[in-house]
Every structure is written in C-alpha cells, then in structure tokens.
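K.L.:
3D model of this:
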Amino acid sequence: MASIDDFKLFSREVLTEPHEFWRRLRDEAPVHDMDEGIGYTVLTRYEDVSAALRDPDTFSSQLSRRFPAGMSAYEDSPAVKEVLKDACPYHDVLTFVDGDVHARHRRIARRPFTAKHVAELDEIIKDTVAELLAELPRGEDFDLVPAFSIRLPIIVIGHILGVDPEHFDDVKRWADAQVARLGEPLDDDAENLRYAHDFVAQHQFLFRQVRDRREHPRNDFLSDLVNSGEFSTDEELVLISAQLIVAGAETTASLITTMLNLLLDDPALMARLRDDPALIADFVEETLRWESPIKLVHRIATRDVEVGGRTIKKDSVVLLMIGSANRDDAFAADAEEFDLDRTDGRKHLAFVQGVHMCVGANLARAEARVALEGLLAATTSIRRGHGVPHRRSSLTVRALENLPLVIS
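P.N.:
Numbers count the residues shown, from 1 in each chain. All right, here's what the predicted structure looks like:
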C-alpha cells in the first residue's frame with residue numbers, strides 16, 4: 001500500500017479525486033505537513049477544522065501575511081506582473097481580512113443575502129429557473145453546466161449587483177481567473193497570462209460600474225455600496241464586488257451539477273424527490289455535506305499552536321480541508337455514505353463556520369432548492385446523455401466541468 005507521502009497535493013489524481021487521500025490523512029495523519037508549493041500544513045478532521053475556523057485570532061484569513069501577490073501564493077512571472085499593473089491594487093478585504101475591518105465589510109456585504117432579502121428574491125429565482133428550463137432541448141443531448149448550472153447563479157448575482165446581461169458570459173471567466181490565482185501553481189505561463197488578463201478585465205469593468213453608479217445610481221446593491229459613504233476608496237468597492245461575484249457564480253453552479261449527477265446514479269432517490277418535493281431542502285444539505293463545492297480554505301497561523309498533538313509553527317500556511325471534515329465519521333456516522341435521512345450532518349462546514357461563514361449561504365441554498373424543484377417538476381425523465389462527465393482539476397473547487405443530459 002502506498003504511504004501518505006506518496007500522495008501529492010498538486011497531482012492531477014488528488015486534485016480531481018481527493019477522497020482517498022483525505023481518508024488516509026484523517027486516519028493516519030490528521031495534521032500533516034506537505035512541502036509542495038510554498039509548504040502547507042493540512043488539517044482534515046472535523047474537530048480540528050471546525051476549531052480553526054472558529055479561532056480567527058490564531059488562524060488568520062489575511063493571506064497577505066504570507067502570499068507575495070495578495071491572493072496568490074506564488075511569485076508571478078515578469079510578463080504576468082506587467083499585465084497585472086492594470087488590475088486593482090491589492091487590499092485585504094472581506095474574505096481575506098480579519099478583525100474590525102472584516103466585521104465592517106461583512107456587515108455591509110451581507111445586506112442583500114439575509115434570509116429576508118433572499119425570500120424577496122425567491123420569485124426572481126423561480127422566474128429565472130423557468131426561463132432557463134424553457135430553453136433546454138427535449139429528447140436530445142445537452143450539457144447542463146453551461147446551459148443551466150452556471151447561468152442561474154450568474155443571472156441572480158448579476159441582478160443583485162446590477163451586472164447587465166451582455167456581461168453574463170464574462171462573469172464565469174472572471175470567476176475562474178480568481179479561483180485559479182488562489183489555487184495550485186500553473187506550469188504554463190500562457191495560462192497564467194490568460195487568467196491575468198481576465199483578472200484585469202473584471203477589475204476594469206467594476207471600476208467603470210462604480211463610477212457609473214456614483215453618477216447614475218440604480219436600484220441595485222452596487223449602487224447602495226457606492227453611495228453608502230462607508231468605503232474610503234474605489235479599490236475596496238471593486239475588490240469586495242469581485243469576491244461576491246465569484247462566490248455567487250462558483251458555489252451554486254457546482255452544487256446544482258453535483259445534485260443532478262448524484263441523482264443520475266440513484267434513480268430511486270430521484271423518484272423519491274419527485275414524489276415528495278418537501279425533501280429537496282434536506283437533499284441540498286446532504287449534498288453540501290457529502291460533496292462540498294469548496295474543498296478547502298487557507299489560513300495563516302499567527303502563533304505557534306498545538307493541534308492534534310502536533311505543533312503548527314507561526315506563519316505556517318494551513319489548509320483547512322472542509323470537504324474532508326464533512327466526511328469525518330467522528331462528525332457524522334458512516335460519513336462517506338450519502339444519507340438523505342441523516343440528522344447528524346447539519347453542522348457541515350460547506351459554507352465555513354464562525355465569523356467568516358459565507359454571506360451568500362442562504363442564497364446558494366435557495367437557488368439550489370428552486371433549481372431542483374423546477375427541473376423535477378418540468379420533466380418526467382432525466383437521464384445521462386452521451387459523453388463522460390469530467391471532474392475539474394482544482395485545489396480549491398470540487399466541481400464537474402460538464403454533465404451531458406437528456407430530459408423529457
């Protein structure tokens with residue numbers, strides 16, 4: 001049997017299918033040092049990951065403590081640096097800052113994502129789902145990911161932030177660029193350059209939107225942000241808006257696709273949800289636990305700290321493996337099994353925990369629930385199409401790149 005050290009964090013096998021690696025780490029080395037990249041300490045057990053998430057004083061989200069390029073752990077090439085000169089100068093905001101600054105940013109950013117506001121968005125989500133479903137072909141192959149999974153959350157977050165429809169296709173590309181810069185190192189500098197150009201394009205777009213909202217306010221959240229008087233610079237506004245766009249576009253798209261893929265493997269479960277749509281909310285939660293869209297979050301140790309009998313040194317870059325923690329048997333019985341009827345998985349970490357819990361969690365849940373309700377109500381059959389689903393190779397995101405379907 002291969003040893004734990006034979007698993008490589010950045011290998012394609014682990015990036016696409018990490019569960020065996022995570023299981024071995026939970027059993028044998030729940031606090032594990034890896035020397036790939038800039039070097040990481042990996043936590044995989046629920047108890048340890050949860051405790052770290054709830055201790056921002058020790059496990060800081062301010063990645064610039066260690067990351068030379070703010071959001072990226074790796075030194076950019078001269079060509080990439082030249083492109084990034086036109087990006088928004090990096091500042092620690094929202095997800096990547098702690099303390100009073102984070103509390104202020106979070107208080108402002110969560111306004112459109114409270115349960116009350118999400119309930120008000122419910123009709124917009126339902127109407128969007130209905131419109132997208134009406135465009136799907138019947139009785140022939142199509143790919144759910146670009147046709148539905150990605151479009152729904154982008155349209156909804158676009159509505160909230162006031163992104164005009166002609167830019168919806170850009171949003172996914174921008175989100176991919178941000179995720180890539182936070183993920184594994186890329187060997188191909190041409191790919192790094194492409195992401196850098198997309199990164200710059202998003203920032204320049206948002207700068208234009210900020211100026212426009214200042215001069216011509218609309219009935220959208222971005223106008224509220226710009227004219228609130230609570231931000232000292234346009235740079236803060238741009239970077240916070242960029243984070244919200246990524247969160248809105250990425251997590252829900254992955255979740256919707258994963259739900260359908262899971263149901264295709266379990267026709268009896270699909271039939272059960274058709275017969276009793278009230279179970280769909282529980283299905284969303286169990287999917288979040290069982291196949292968390294975000295695999296991990298980065299933290300920086302602010303002091304020497306003991307975890308699981310090991311000392312994590314100050315300034316260590318710590319990977320909190322959310323996806324692994326949610327499959328820990330110490331958290332949920334037979335956690336590797338999907339169980340719609342389980343009652344012990346509700347405190348999953350898919351949306352993180354503590355002060356940095358995802359501000360859009362309520363929205364993601366609502367979009368996923370309404371999407372599945374709509375798909376099941378509008379069809380009598382959902383089956384796999386031709387072609388094989390491919391898993392995205394990513395350090396941070398657990399997602400399918402495609403899902404061929406035939407519906408009728």
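
K.L.:
Strands along the protein, start to end?
P.N.:
Under the criterion DSSP state E, strands of the chain are mapped to 31-34, 40-43, 59-60, 142-143, 296-301, 305-307, 310-312, 317-321, 382-384, 404-407.

K.L.:
Which neighbouring elements make contact with the first one?
P.N.:
Which is strand 31-34. Under the contact definition 3 or more Cβ pairs under 8 Å, 6 or more residues apart in numbering; DSSP states H and E, strand 31-34 sits against strand 40-43. Backbone N, C-alpha and C define where each C-beta goes, glycine included.

K.L.:
so what strands line up beside the strand it packs on?
P.N.:
Its sheet considered, strand 40-43 pairs with strand 31-34 (antiparallel), strand 317-321 (parallel) by DSSP bridges.

K.L.:
any chance of those strands in JSON lines, plus mean pLDDT?
P.N.:
Supplementary listing: the strands paired with strand 40-43 in JSON lines, determined by pLDDT from 0 to 100:
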{"stretch": "strand 31-34", "mean pLDDT": "97"}
{"stretch": "strand 317-321", "mean pLDDT": "98"}
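
K.L.:
just so I know, which of those strands lies nearest residue 82?
P.N.:
For the strands paired with strand 40-43, the distance to residue 82 is smallest for strand 317-321, at 26.7 Å, taking Cβ to Cβ.

K.L.:
ok so, going back, ranking the strands of the chain by burial, who's on top?
P.N.:
Burial of those is given as mean neighbour count (mean count of other Cβ atoms under 10 Å); strand 59-60 ranks first at a mean of 26.

K.L.:
Could you check how far the longest helix belonging to the chain is from the centre of its chain?
P.N.:
In the chain, assigned by DSSP state H, the helix with the most residues is helix 234-264. The chain centre lies 5 Å from the centre of helix 234-264; the measure is Cα atoms, centre = their mean, to the nearest Å.

K.L.:
can you check stretch 169-185 too?
P.N.:
Chain-centre distance of stretch 169-185: 11 Å, with Cα atoms, centre = their mean.

K.L.:
now swap in stretch 340-357 and tell me
P.N.:
15 Å.

K.L.:
For it, give me every contacting residue.
P.N.:
46, 49-50, 53-56, 61, 95, 102-103, 106, 269, 272, 279, 282-283, 285-286, 288-289, 292-294, 297, 322, 325-326, 331-333, 335, 339, 358, 361, 364 (Cβ atoms under 8 Å, 6 or more residues apart in numbering).

K.L.:
Could I have the buried ones of these as PyMOL selection syntax?
P.N.:
Entered in PyMOL, the line below selects the buried ones among these, by 16 or more other Cβ atoms under 10 Å:
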select buried, resi 46+49+50+53+56+61+95+102+106+269+279+282+283+285+286+288+289+292+293+294+297+322+325+326+331+332+335+358+361+364
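
K.L.:
Sitting in helices, which of the contacts of stretch 340-357 do you find?
P.N.:
Those of those lying in helices (DSSP H): 46, 49-50, 53, 102-103, 106, 269, 272, 282-283, 285-286, 288-289, 322, 325, 361, 364.

K.L.:
What angle do helix 280-290 and the longest helix of the chain make with each other?
P.N.:
100 degrees (axes from the mean of the first three to the mean of the last three Cα atoms, to 10 degrees).

K.L.:
buried stuff in helix 234-264?
P.N.:
235-264.

K.L.:
just stretch 213-227 next, same as before
P.N.:
Neighbour-count burial for stretch 213-227, counted by 16+ other Cβ under 10 Å, picks out 213, 220-226.

K.L.:
Show residues contacting it.
P.N.:
Identification of contacts with stretch 213-227 by Cβ under 8 Å, 6+ apart yields 108, 111-112, 159-162, 209-210, 231, 237, 240-241.

K.L.:
tell me the contacts of residue 88?
P.N.:
203, 206-207, 235, 238-239, 242.

K.L.:
mind running it again at 7 Å?
P.N.:
203, 235, 238-239 (Cβ atoms under 7 Å, 6 or more residues apart in numbering).

K.L.:
Could you report the distance from the residue nearest to it when sequence neighbours are not counted to residue 6?
P.N.:
Spatial nearest neighbour of residue 88, chain neighbours left out: residue 203 (4.2 Å); criterion: Cβ to Cβ, 6 or more residues apart in numbering. Relative to residue 6, residue 203 is positioned 41 Å away (Cβ to Cβ, to the nearest Å).

K.L.:
Those two: which has the busier surroundings?
P.N.:
residue 203 (21 against 10; other Cβ atoms under 10 Å).

K.L.:
For that one, which residues are in contact?
P.N.:
For residue 203, the contact set (Cβ under 7 Å, 6+ apart) comprises 87-88, 238, 242.

K.L.:
Among the residues you listed, which one lies nearest to residue 176?
P.N.:
Distance to residue 176, by Cβ to Cβ, is smallest for residue 242 among those, at 12.7 Å.

K.L.:
my read: the closest one touches residue 202, true?
P.N.:
Yes: if you go by Cβ atoms under 7 Å, residue 242 and residue 202 touch, sitting 5.9 Å apart.

K.L.:
Tell me, how many residues neighbour residue 5?
P.N.:
Counted with other Cβ under 10 Å, residue 5 comes out at 10.

K.L.:
how near is it to residue 353?
P.N.:
According to Cβ to Cβ, residue 5 and residue 353 sit 30 Å apart.

K.L.:
what do you get for residue 298?
P.N.:
Distance from residue 298 to residue 353, by Cβ to Cβ: 15 Å.

K.L.:
ditto for residue 85
P.N.:
Counting by Cβ to Cβ, the separation of residue 85 from residue 353 is 37 Å.

K.L.:
Give me the more crowded residue out of those two.
P.N.:
The neighbour comparison of residue 85 against residue 353 (other Cβ under 10 Å) goes to residue 353, with 20 against 8.
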